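Undergrad: Prediction below, plus the sequence it came from.
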Amino acid sequence: MDNTVKIFDTTLRDGEQALMASLSVHEKLQIALAIERLGVDIMEVGFPVSSPGDFESVQTIAKTLKTSRVCGLSRAVKADIQSCADAMSVAEAFRIHTFISTSDVHVEQKLKRGFDDVLNMAVDAVKFARKFTDDVEFSCEDAGRTPKDNLCRMVESAIKAGATTINIPDTVGYTIPTEFNGIITDLFNRVPNIDQAVISVHCHNDLGLSVANSIAAVQAGARQIECTINGIGERAGNCSLEEVAMIMQTRADYLGLRTNINHKEIARTSKLVSQICNMPVQANKAIVGSNAFSHSSGIHQDGMLKSANTYEIMTPESVGISKTKLNLTSRSGRHVIKHRMGELGYKESDFDLEELYQDFLQLADKKGQVFDDDLEALLYNKQQQGESDTYRIEYLSVHSGGGEFSTASIKLACNDEVKIQSATGNGPVDALYQAIKQAVDIDFEVSDYKISNKGEGEDGLGQADLVVNYQGRKFHGYGIETDVIEASGKALISALNAIARAQKVAQLKQQAEQQADQQKIHGV
Ligand code: KIV
Ligand code: ZN
């Protein structure tokens, strides 16, 4: 049996489903490109029928990916499958992933059908999907709780209908590793045509066992793992990509398995996903947590000084964490910045050197020393700005302390207009947000506002994150600055710019639809 385990990333589908605010097409594309560079074999990038926004982002990403195979999700119904095919037909090759529930509780309570009916729907769906591509994946939703006989029948029928990958999800994170290994072993022993498909697993983390279950499954012969960056996903999340990839790398001696993952891209991709998705990574998270490679106890530190492998089973460098920290100052030239960005894993095409250098000089003037996290923060600040942002802060001033209220004044460029506004609030951020609200004159609500430290200790920058609720939709915004009030202002402005971009896209769509209707009426 081939010892390569395919990595199927579903950060932009299962992961995105769990976010507080949905991502823009631009943000999804940024993440997709980073994940492609990480070397995933297949990337599930959305559920095209679920919304026009999802359709558009799947289409845009399908056009862009070169080395990872693009995949879209569909229920086992024709309209979903057709929408998947329409969205991805721009790609040279694509995978359609269709699914239906197979457990008794789902079949009876959710689908309210008999199992045979569900089996026929699955077969029809796979056959229909095969009309568009020869790469069709079929998933038995809630396979972990599906009676074995039914699971075997379903798998055999789906393969016969043309599925080339069969996915066995532990949808509710219920199984125990030895039990899940048994389910996969049983399929290999009992399904006669099992050798005609790749067996995949998709484990959720409700009991904290998603990674252990995925590894138990590949030990039983599964050759695809579905996972997400930082393990983000529904409820307690999905199996974490960086963990399974590093388990197979670090314990190749025991498992005898490999992946196509470029491990050195792990840290960079993890940080990007965490930043854009507004999903902080816990400090003690394996592989990518900020403490994952730090040693606290004296005994451990002593051991590390004598020989790193006393307490380190893999090096930080192997996942792209740079050990040497370089302090840059305003005397550092462009070539030093370019070189350092390269060492941090960024390609020249990831940034505009001149722009980054000018931002770097401004920051160096404010802070004196600029660290790696600061350089990445400058990049993130740039990445969240659109080509032609509607709003830009030209000046802000906030006074607080002493009195009952704080006051804020703001000068805001709104397209070609400049608005000046002052307001009071029960704190400096509240005053600033009141002033901005009056200046832009749109009705929104801010929720989930938080401040965190970007970087280390008192040298770190302040990062503000928030979610803006506007007309039933949620938009994430962030700002990173030396001053947390300025960071808070930038975070709100970035969310308002995201709203303005979404409005422009909706307007353009409406115009295109009206034009198409007119053409129909006039028989063009
Ligand atoms: O968790 C699950 O079962 C899923 C399927 C759609 C594969 O996400
Ligand atoms: Zn899932």
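TA: Noted; the coordinates are in hand. Ligands and ions are numbered 1, 2, ... in the order given.

Undergrad: Now do the same for residue 79: helix, strand or coil?
TA: Under DSSP: H, G, I helix; E, B strand; the rest coil, residue 79 falls in the helix class.

Undergrad: Now it: closest residue in space, sequence neighbours ignored.
TA: Setting aside the residues directly before and after it, residue 79 is nearest to residue 49 in space (Cβ to Cβ, 6 or more residues apart in numbering), at 6.2 Å. C-beta coordinates here come from the backbone N, C-alpha and C atoms, glycine included.

Undergrad: mind checking pLDDT for residue 417?
TA: Model confidence at residue 417, given as pLDDT, is 95.

Undergrad: Now do it against residue 392, distance only.
TA: Distance, residue 417 to residue 392, using Cβ to Cβ, to the nearest Å: 11 Å.

Undergrad: So for these two, which residue has more residues nearby?
TA: Each of residue 417 and residue 392 has its neighbours counted (other Cβ atoms under 10 Å); residue 392 has more, 15 against 8.

Undergrad: for residue 332, what are its contacts?
TA: 360, 364, 370 (Cβ atoms under 8 Å, 6 or more residues apart in numbering).

Undergrad: Could you rank these by neighbour count and give me the top one?
TA: Neighbour max across those (other Cβ under 10 Å) = residue 370, 28 neighbours.

Undergrad: what about the residue nearest to that one when sequence neighbours are not counted, distance to ligand 1?
TA: Among residues not flanking residue 370 along the chain, residue 328 sits closest, at 4.5 Å (Cβ to Cβ, 6+ apart). Applying Cβ to the nearest ligand atom, to the nearest Å, one obtains 44 Å for the distance of residue 328 from ligand 1.

Undergrad: Residue 328 touches residue 340, doesn't it?
TA: Yes: look at residue 328 against residue 340 with Cβ atoms under 8 Å: they come within range, at 6.9 Å.

Undergrad: So for the two, which residues contact both of them?
TA: Here residue 328 and residue 340 share the contacting residues residue 375, scored by Cβ under 8 Å, 6+ apart.

Undergrad: which residues of the stretch 301-450 of the chain fall in helices?
TA: Here the stretch 301-450 of the chain has its helices, by DSSP state H, counting those that start in this stretch, at 334-343, 353-367, 372-383, 428-440.

Undergrad: Next, format the ones you listed as JSON lines and append mean pLDDT.
TA: As requested, the helices of the stretch 301-450 of the chain are exported to JSON lines (pLDDT from 0 to 100):
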{"stretch": "helix 334-343", "mean pLDDT": "92"}
{"stretch": "helix 353-367", "mean pLDDT": "94"}
{"stretch": "helix 372-383", "mean pLDDT": "89"}
{"stretch": "helix 428-440", "mean pLDDT": "96"}
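
Undergrad: Let me know which of these is the nearest to ligand 1.
TA: Proximity to ligand 1 (Cβ to the nearest ligand atom) singles out helix 372-383 among these, at 28.4 Å.

Undergrad: Against which helices or strands is that closest one packed?
TA: Secondary-structure packing of helix 372-383 (3 or more Cβ pairs under 8 Å, 6 or more residues apart in numbering; DSSP states H and E): helix 334-343, helix 353-367, strand 445-454, strand 461-470, strand 473-481.

Undergrad: What residues does this structure have near ligand 1?
TA: Residues of the chain that fall close to ligand 1, judged by Cβ under 6 Å from any ligand atom: 14, 99, 139, 141, 167, 169, 171, 202, 204.

Undergrad: Restricted to strands, list these.
TA: 99, 139, 141, 167, 169, 202 (DSSP state E).

Undergrad: May I ask which of the residues you listed has the most neighbours?
TA: residue 202 (30 neighbours).

Undergrad: pretty sure it is in contact with residue 226, am I right?
TA: Yes: the pair residue 202 / residue 226 is scored as a contact, 3.8 Å apart, by Cβ under 8 Å.

Undergrad: Spit out the residues that contact these two alike.
TA: Residues touching both residue 202 and residue 226 (Cβ under 8 Å, 6+ apart): 10, 14, 167, 169, 238, 239.

Undergrad: Just the closest of those residues to ligand 1, please.
TA: residue 169 (3.4 Å).

Undergrad: can you pull out the strands in this protein?
TA: In the chain, the segments counted as strands under DSSP E are 6-9, 42-44, 69-75, 94-101, 136-141, 165-170, 198-203, 224-227, 391-399, 406-414, 417-425, 445-454, 461-470, 473-481.

Undergrad: With respect to burial, which of those strands scores highest?
TA: Burial of these is given as mean neighbour count (mean count of other Cβ atoms under 10 Å); strand 224-227 ranks first at a mean of 28.

Undergrad: List the contacts of it.
TA: Strand 224-227 has contacts (Cβ under 8 Å, 6+ apart) with 5-10, 14, 41-42, 44, 165, 167, 169, 198-203, 214, 217-218, 238-241, 244.

Undergrad: Give me the sheet partners of that strand and which way each runs.
TA: Looking at strand 224-227 with DSSP bridges, its partner strands are strand 6-9 (parallel), strand 198-203 (parallel).

Undergrad: As JSON lines, those strands with mean pLDDT and distance to residue 108 would be great.
TA: Shown next, in JSON lines, are these (pLDDT from 0 to 100; distance: least, Cβ to Cβ, whole Å):
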{"stretch": "strand 6-9", "mean pLDDT": "98", "distance to residue 108": "29"}
{"stretch": "strand 198-203", "mean pLDDT": "98", "distance to residue 108": "22"}
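
Undergrad: wait, which of those strands is closest to residue 449?
TA: For residue 449, the closest of the strands paired with strand 224-227 is strand 6-9, at 30.3 Å, according to Cβ to Cβ.

Undergrad: so what's the nearest residue to residue 445 once chain neighbours are set aside scoring on pLDDT?
TA: Excluding the flanking residues, the one nearest residue 445 by Cβ to Cβ, 6+ apart is residue 469, at 4.6 Å. At residue 469, the model reports a pLDDT of 97.

Undergrad: Wait, residue 469 touches residue 443, no?
TA: No: Residue 469 is beyond contact range of residue 443, at 9.9 Å (criterion: Cβ under 8 Å).

Undergrad: The closest residue to residue 367 other than its chain neighbours and residue 458: what is the separation?
TA: Distances taken as Cβ to Cβ, 6+ apart put residue 482 closest to residue 367, at 6.1 Å, once the chain neighbours are dropped. According to Cβ to Cβ, residue 482 and residue 458 sit 11 Å apart.

Undergrad: try residue 148
TA: For residue 148, the distance to residue 458 - Cβ to Cβ - is 58 Å.

Undergrad: go on, residue 233?
TA: As defined by Cβ to Cβ, residue 233 lies at a distance of 35 Å from residue 458.

Undergrad: Please say which of these two ends up with more neighbours.
TA: When residue 233 and residue 458 are compared for neighbours, residue 233 comes out ahead with 26 against 6, by other Cβ under 10 Å.

Undergrad: just checking, the more buried one touches residue 19?
TA: No: if you go by Cβ under 8 Å, residue 233 and residue 19 don't touch, sitting 9.9 Å apart.

Undergrad: quick revisit: can you list the helices of the stretch 301-450 of the chain in a markdown table and add distance to residue 254?
TA: Below are these laid out as a markdown table (distance: least, Cβ to Cβ, whole Å):
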| stretch | distance to residue 254 |
| --- | --- |
| helix 334-343 | 32 |
| helix 353-367 | 43 |
| helix 372-383 | 34 |
| helix 428-440 | 52 |
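
Undergrad: for the ones you listed, which one sits closest to residue 88?
TA: Each of the helices of the stretch 301-450 of the chain has some distance to residue 88 by Cβ to Cβ; the shortest is helix 372-383, at 25.5 Å.

Undergrad: Output the longest helix belonging to this structure.
TA: For the chain, the helix with the greatest residue count under DSSP state H is helix 484-521.
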